[in-house]
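Engineer: how would this look folded up:
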Amino acid sequence: MTGAADARLHGVGGPVPLPSSPVGLTLHVGSAAVPVRVRPLGPGPAGGDPVVRLTPARPLPLRIGDRAVLRDPGAGRIVAGVTVLDPAPPPLRRRGAARRRADELAGAGAVPDADAELARRGTVLADDLVRWGVPAGEVAALAARVPGAAGRLLHPATAASSAAALAAAVAAHDAEDPLDPGLPLAAARRAAGLPDVALVEAVLSAVGGSGLVLRDGRVRAAADTGPPAALRDAAARVRADLDGAPFAAPGAARLAELGLGPRELAVLDRAGELLRVAPEVVLGPDAPERAVAALDGLDGAFTVSAAREVLGSSRRVVVPLLELLARRGLTVRMPDGTHRLR
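Structural biologist: This is a model prediction of the structure:
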């Protein structure tokens, strides 16, 4: 159903007289006769038949190419013939939008054309094209050769401009916040000006050389090398501290000295540079394997105290480490509170 439509007026026995008022006319289409508001958008090609926006008093099932009549019930005469060009027009929000819209529709005809509709809209639901009168076979053929997702089709030029906007947004974000590279899908959709998050992946697949990849639910620079160099250097210093005592996690003072706060530790954990076993407890990435090898020397079930002794660590480290080992299926906590290796 259509709440507004853009249409071309045709003269009846002479030139088209533009309505002197936007109200007071009736749109006759099929068996329906509905009061309609008429807004002139601009002249047609070479100053020809004018293009108007029709807003009927109630929604109507209009399609591209539908013919109708505008009638003045007060004067008892037909004002103009009508050809529907677009049964789902965009809103006119900015100064000059009406005239630009008339220019956009200058080449629109009465025969529905899938390629022309997609080119004008940039993206459109395939089902909408069929509902507006485009033959289903023509829509299916178009869908086979243009990008799309979630039932939407995307014009190649729109995909290219969306990819460029997305690349610029990712670059700006990464420059501002290098600890959190890439954009979540929802933010990527907004940056690309797309109506559905599913189209983000379609854009990246369709546009070669965008320099972007979709990974872990985020759109990232394909050349992403991981954490900043200064952060990787800090992680290397932590690992060096742990070389001789792999379970002697650095304390808060050492982490602060290295500039490693919660965000930095989370980034290094995700990158595999360190293993965060608790919010402010970090070990080397191979800590689970080394812990299992050390605990294998204990006879059967063992307590936290026994584990602490064999690992040469503190309760602050050993308790969350044992919890992590259990989550990974490497140990089991017994009913009596002891632990054993699987």
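
Engineer: okay, how far is it across stretch 145-156, tip to tip?
Structural biologist: 10 Å (C-alpha to C-alpha, to the nearest Å).

Engineer: and that stretch, what's its mean pLDDT?
Structural biologist: For stretch 145-156, mean pLDDT is 97.

Engineer: Scan the chain for its longest helix.
Structural biologist: helix 156-176 (DSSP state H).

Engineer: what packs against that helix?
Structural biologist: Packing contacts for helix 156-176, counted by 3 or more C-beta pairs under 8 Å, 6 or more residues apart in numbering; DSSP states H and E, involve strand 183-184, helix 185-192, helix 198-206, strand 212-215, strand 218-221. Yep, even glycine has a C-beta here, placed from its N, CA and C like the rest.

Engineer: Of all these, which one comes closest to V34?
Structural biologist: For the helices and strands packed on helix 156-176, the distance to V34 is smallest for helix 198-206, at 35.5 Å, taking C-beta to C-beta.

Engineer: Just the buried residues of the longest helix of the chain, please?
Structural biologist: For helix 156-176, burial by neighbour count (16 or more other C-beta atoms under 10 Å) applies to 158-159, 161-163, 165-167, 169-170, 173-174.

Engineer: repeat for stretch 231-246
Structural biologist: By neighbour count on 16+ other C-beta under 10 Å, the buried set for stretch 231-246 is 231-232, 234-235, 238-239, 241-242, 246.

Engineer: Identify all contacting residues around that stretch.
Structural biologist: Contact partners of stretch 231-246, identified using C-beta atoms under 8 Å, 6 or more residues apart in numbering, comprise 179, 226-227, 248-250, 254, 258-260, 264, 267-268, 273-274, 282-284, 286-287, 290, 312-313.

Engineer: go on, stretch 316-329?
Structural biologist: 247-249, 277-278, 281, 283, 287-288, 291-292, 304, 307-308, 311, 313, 331-333, 339, 342.

Engineer: what about A33, how many neighbours?
Structural biologist: By other C-beta atoms under 10 Å, the residues close to A33 number 13.

Engineer: Tell me if I'm right that it and A57 touch.
Structural biologist: No - A33 is beyond contact range of A57, at 10.4 Å (criterion: C-beta atoms under 8 Å).

Engineer: And whichever strand or helix holds L325, how far out from the chain middle?
Structural biologist: Element membership of L325 [criterion: DSSP states H and E] is helix 315-327. Taking the mean of its C-alpha atoms, helix 315-327 sits 38 Å from the chain's own mean (C-alpha atoms, centre = their mean, to the nearest Å).

Engineer: what mean pLDDT does the next helix or strand after it have?
Structural biologist: Heading C-terminal from helix 315-327, the first helix or strand you meet, by DSSP H and E, is strand 331-333. Strand 331-333 carries an average pLDDT of 94.

Engineer: Show me what strand 331-333 is packed against.
Structural biologist: Counting contacts by 3+ C-beta pairs under 8 Å, 6+ apart, strand 331-333 packs against helix 315-327, strand 339-341.

Engineer: Columns distance to L27, mean pLDDT and mean neighbour count on top of the ones you listed, output as JSON lines?
Structural biologist: Output for the helices and strands packed on strand 331-333, formatted as JSON lines (distance: least, C-beta to C-beta, whole Å; pLDDT from 0 to 100; neighbours: other C-beta atoms under 10 Å):
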{"stretch": "helix 315-327", "distance to L27": "67", "mean pLDDT": "96", "mean neighbour count": "18"}
{"stretch": "strand 339-341", "distance to L27": "79", "mean pLDDT": "94", "mean neighbour count": "16"}
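
Engineer: Make JSON lines out of these and add distance to R94.
Structural biologist: Formatted as JSON lines, these follow (distance: least, C-beta to C-beta, whole Å):
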{"stretch": "helix 315-327", "distance to R94": "55"}
{"stretch": "strand 339-341", "distance to R94": "67"}
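
Engineer: which one of these lies closest to A198?
Structural biologist: So among the helices and strands packed on strand 331-333, helix 315-327 is nearest, using C-beta to C-beta, at 32.6 Å.
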